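Colleague: structure here, sequence nowhere to be found:
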């Protein structure tokens with residue numbers, strides 16, 4: 001019976017670890033660790049203040065930058081969660097207590113408003129211009 005419990009727990013943890021396909025947020029270029037931590041704490045405070053003051057729930061249009069992603073794991077017991085590089089990231093343990101989605105949604109939206117982006121968002125494409133500039137004339141034919 002004890003072996004069965006251990007096996008069941010191992011399978012559950014393995015399944016949960018594989019099933020979570022969550023994304024992290026990437027800080028704007030040039031943000032050092034101190035600036036990242038400061039922005040996370042400021043956004044956490046702003047989100048908490050809005051929720052505690054009874055702000056109206058966010059509508060779908062306001063939540064659009066979340067791209068329908070769950071945000072609850074970005075805060076653990078109301079505190080920001082970081083990855084190894086100091087970027088905001090969801091906690092990946094099934095044994096934590098998470099906060100309301102209204103608080104975490106506001107927190108993540110605040111970070112996005114400060115220039116953070118989802119890790120799977122493509123950077124803007126580079127526009128490569130030839131040294132002579134761009135011409136609307138057709139290319140010259142070669143004999």
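Modeller: Yep, it's here. Just so you know, these numbers come straight off a predicted model, no measurement behind them.
Colleague: for this structure, just list every one of the strands.
Modeller: 25-26, 75-76, 79-80, 117-118 (DSSP state E).
Colleague: now the helices for the chain?
Modeller: For the chain, the helices defined by DSSP state H occupy 2-19, 33-52, 60-63, 101-113.
Colleague: now the last one: buried residues?
Modeller: If I follow you right, that is helix 101-113. Under the neighbour-count criterion of 16 or more other Cβ atoms under 10 Å, helix 101-113 has 101, 102, 103, 104, 105, 106, 107, 108, 109, 110, 111, 112 buried. Where you see a C-beta, it was placed from the backbone N, CA and C, and this is true even at glycine.
Colleague: can you give the contact residues for it?
Modeller: Residues from elsewhere that reach helix 101-113 (Cβ atoms under 8 Å, 6 or more residues apart in numbering): 25, 39-40, 42-44, 46-48, 50-51, 57-58, 62-63, 65-66, 70-75, 78, 80, 88, 98.
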